[in-house]
Each structure stands twice: as structure tokens, then as C-alpha cells.
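**Q** After the sequence you'll find the predicted model.
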Amino acid sequence: MTTATKILLTGATGFTGSYIARSLIAQGYHNITAIKRSSSKLSLVQDVADKINWVEASLEDLDVLEEVMQDVDVVIHAAAIVNFKGKDKDAVYNCNVNMVRDLVNIALRTNIKKFVHFSSIAAMGRAGDGVAVTEDTDWVESPLNSDYGKSKYLGELEVWRASAEGLPVVILNPSLIMGAGYWHNTTPAIYKEVERGHNFYPMGSNGVVDVRDVAQAAILAMKEDVVNERFLLNAENISYKKMFTIIAEKIDATIPTKPLTKTLHWMMTSGTRLLEKLPFSLPFSSQQLQVLNAISNYDGSKAQRLLGLEYRPAVNTLIETAEVFNKSREAGADFGVLDIE
């Protein structure tokens, strides 16, 4: 792959996709086509929007995709619906499974040289407490699996099926992607939630990875001589207590000091499950809450070994993002971006 490689990027106006777009351009790639809806905002890519060939369409516009992909070398598929609300699960499955199936089918017909697919750690298996999940961990059915996780798992199966039919693929499974973006959406919304002030902290842990490292992983997966592999992307595992404390300290919010015990956690999850049946807007869904006390560990070393990916320390990411959040708050902006280094 060279900087003249013809790239189709989906999800370019979203959180992860915007960093991929900005990173590609920063590294000299100049044949980038991106799909966007007419209603999509360009705020996260406003500094590079004029360097991208935009195609206004939906991923359900198969005729448009077929035409666009005739002249493409690589597809980086970062578009997805990240939603844990039960009432939206049909849309989640449609986007994360059906649209993936359609994309890889078109990629097979148009002889795409490589298909880089973004999945999630939610699509990976679960190991016992203290045991790290790796790329080889088997998927197992569990009450902790959300509809989002199941949809990403099924989407992966479509990609592997296309791989068996001859499509060169790489699957990326990032952990909790942290960084600046729209503060009301996906993981950047954690900063708004901490800003509200909470005395309790979940007793679980999760993997964390910088959004800029995720973008770099996509580029490495595209250009390195690896195919038909999956890579778990995780800088380190961190407790929610540590995460929320760091964020609260840096944005001058209430520092949580009380553990969310098993009883309180059960009451909160059960109460939220009941409220979800009513027409309320809730900050978290019961599917998100049910995993907060789980000790989750992930091993992201394969990407270091085979792709040469270097991870930023999680603490640095949390602090840098907090600084951008503070600047956004002062400016009255609903989004922020981290500098591409």
C-alpha cells in the first residue's frame, strides 16, 4: 500500500472514523473517499473535510456502494451503531450485521484488496476473573452479553465468511475507546456523566485504548502484510474507580468515594430495567449497567507484535481528554478533538 492507495472509509464523521480520516491525511494518504448521510455533521473532521471525497449516501444504498467500490483498493469499515437500549436493537442488528454482510459481498464482487473491519471487545468471549481475554478466547453465551455485543459478533461472522470466500480481511477489536469527540455521544459522554457528580463508583474494571492508537491500528492493518487476522486493541486494564477519579480530578467534579456494592448494583440495574419500559430518557441502559461490576481484562499485545502498534498510557489519554473537555466547556462547544501526533 502507498499514500496513493484508494481508500473507502465508512463512519468518517463519527468518533473513531474521524480520527482515522485525520490520521490518514496526516500521514499523506490523499485518495480517500468517505460515505456520509446528508444530515451528518462534519465538526470532528472540519480541518480536513476538503481533503476527502465525500459521497452522500446511506450504507443501505447498495447501488451507490457498488459503484464507488469499483474504484477502491481498501475498505476501512468503521461505521456502526453503538447502542445498548433494548428498544433500538433492531436498528443495531441491521447496521452491525446486515450492512456488514452487504459490504463484504460487494467487496468480493469488486475485488477489494483488503477489508479492515472494526468490531469490538464486546464481540469477544469472556474469561474468568483475572484471566485476560485474547484473540483466541472463544465466544460464549452470557447474561453479560449485550445486544450490541451480539450484533458485533454476528457481524464478524459475516466478515470471516467473506474471508473464506477469498476476501483479504483484518478485524480490529478495540476495548473502551477513550478520547475527545461529541461529549453527548459514545465514550466521550463519560466526561459529561462524571461532570454531573456521583458519589458511587463501579467495582469493576475494563480495558482502555486511545482513539488515536485505534486509528493508527487501522492504518497499520491496511498497509502491513497481514491478512485474515484479528487484533484486540487494548493499552491497559483499569478500574472504573481509578478512571472516574482521574477524570473527576481533572474536570473539577465530585470524586466518587463509595463502592457500588453488589446489592446497590442489582437495585440500580433492576430499577433501570423497569424504567426502560416507560418513555424516559436515561443516561445509561440496563445492558450497560449490568457489566459495571465485572472484572474485565484484555491482552492487546498481539497488535504490538505483529503490527508494531505503540499504545499511549491510559492515564495520559484520560488527562489529555479532560483538558480538551475543559476547553470545550469554556467555549460552550459540544465537541472537542485531540491533536493527531
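**A** Yep, it's here.

**Q** For the rest of this, base every contact and every neighbour count on C-alpha atoms.
**A** Will do.

**Q** Please, where are all the helices along the chain?
**A** All helices of the chain, identified by DSSP state H, fall at 15-26, 62-69, 89-93, 99-109, 147-164, 189-196, 211-223, 240-250, 262-275, 286-289, 301-307, 314-331.

**Q** Residue 50: which of those helices is closest?
**A** When the helices of the chain are compared by CA to CA, helix 15-26 sits nearest residue 50, at 10.8 Å.

**Q** ok, and for the closest one, which residues are buried?
**A** Across helix 15-26, burial judged by 16 or more other CA atoms under 10 Å covers 15-25.

**Q** quick one: it to chain centroid distance?
**A** 13 Å (CA atoms, centre = their mean, to the nearest Å).

**Q** So what's the model's average confidence on it?
**A** For helix 15-26, the mean pLDDT works out to 97.

**Q** can you check stretch 124-139 too?
**A** Mean per-residue pLDDT for stretch 124-139: 80.

**Q** Quote the end-to-end distance of it.
**A** 6 Å (CA to CA, to the nearest Å).

**Q** Neighbours of residue 8, how many?
**A** Residue 8 has 24 neighbouring residues, counting by other CA atoms under 10 Å.

**Q** oh sorry, the question was meant for residue 136
**A** There are 10 residues near residue 136, going by other CA under 10 Å.

**Q** how much space between the residue with the largest distance to the centre of the chain and residue 227?
**A** When distances to the mean C-alpha position of the chain are computed (CA atoms, centre = their mean), the maximum falls on residue 263, with 30.5 Å. Noted for residue 263: a distance of 46 Å to residue 227, by CA to CA.

**Q** now this structure, which segments are flagged as low pLDDT?
**A** Where the chain drops to pLDDT under 70, the residues are 83-86, 126-130, 265-266, 268-269, 272-291.

**Q** Need the buried residues of helix 15-26 in JSON lines (columns: distance to residue 89).
**A** Converted to JSON lines, the buried residues of helix 15-26 look like this (distance: CA to CA, whole Å):
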{"residue": "15", "distance to residue 89": "21"}
{"residue": "16", "distance to residue 89": "21"}
{"residue": "17", "distance to residue 89": "22"}
{"residue": "18", "distance to residue 89": "25"}
{"residue": "19", "distance to residue 89": "27"}
{"residue": "20", "distance to residue 89": "27"}
{"residue": "21", "distance to residue 89": "28"}
{"residue": "22", "distance to residue 89": "31"}
{"residue": "23", "distance to residue 89": "32"}
{"residue": "24", "distance to residue 89": "32"}
{"residue": "25", "distance to residue 89": "34"}
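
**Q** Residue 65: which of these is nearest?
**A** residue 17 (17.7 Å).

**Q** from memory the closest one sits against residue 11, does it?
**A** Yes - at 5.0 Å, residue 17 counts as touching residue 11 under the criterion of CA atoms under 8 Å.

**Q** Common neighbours of the two, please.
**A** 78-79 (CA atoms under 8 Å, 6 or more residues apart in numbering).

**Q** do you know which of the helices of the chain lies nearest residue 170?
**A** In terms of CA to CA, the element of those nearest to residue 170 is helix 211-223, at 6.6 Å.

**Q** Identify the residues contacting that closest one?
**A** 1-2, 16-17, 19-20, 23-24, 74, 76, 114-116, 170, 172, 174, 177-179, 233, 303, 307-312, 340.

**Q** what about it, distance to the chain center?
**A** Distance, stretch centre to chain centre, for helix 211-223: 12 Å (CA atoms, centre = their mean).

**Q** about what we covered before: turn the helices of the chain into JSON lines, columns for distance to residue 141.
**A** Output for these, formatted as JSON lines (distance: least, CA to CA, whole Å):
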{"stretch": "helix 15-26", "distance to residue 141": "27"}
{"stretch": "helix 62-69", "distance to residue 141": "32"}
{"stretch": "helix 89-93", "distance to residue 141": "17"}
{"stretch": "helix 99-109", "distance to residue 141": "22"}
{"stretch": "helix 147-164", "distance to residue 141": "9"}
{"stretch": "helix 189-196", "distance to residue 141": "27"}
{"stretch": "helix 211-223", "distance to residue 141": "27"}
{"stretch": "helix 240-250", "distance to residue 141": "24"}
{"stretch": "helix 262-275", "distance to residue 141": "20"}
{"stretch": "helix 286-289", "distance to residue 141": "15"}
{"stretch": "helix 301-307", "distance to residue 141": "25"}
{"stretch": "helix 314-331", "distance to residue 141": "29"}
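
**Q** Of those, which is nearest residue 135?
**A** helix 301-307 (8.3 Å).

**Q** Does anything pack onto the closest one? Which helices or strands?
**A** Under the contact criterion of 3 or more CA pairs under 8 Å, 6 or more residues apart in numbering; DSSP states H and E, helix 301-307 touches helix 211-223, strand 229-233.

**Q** That'll do, ta.
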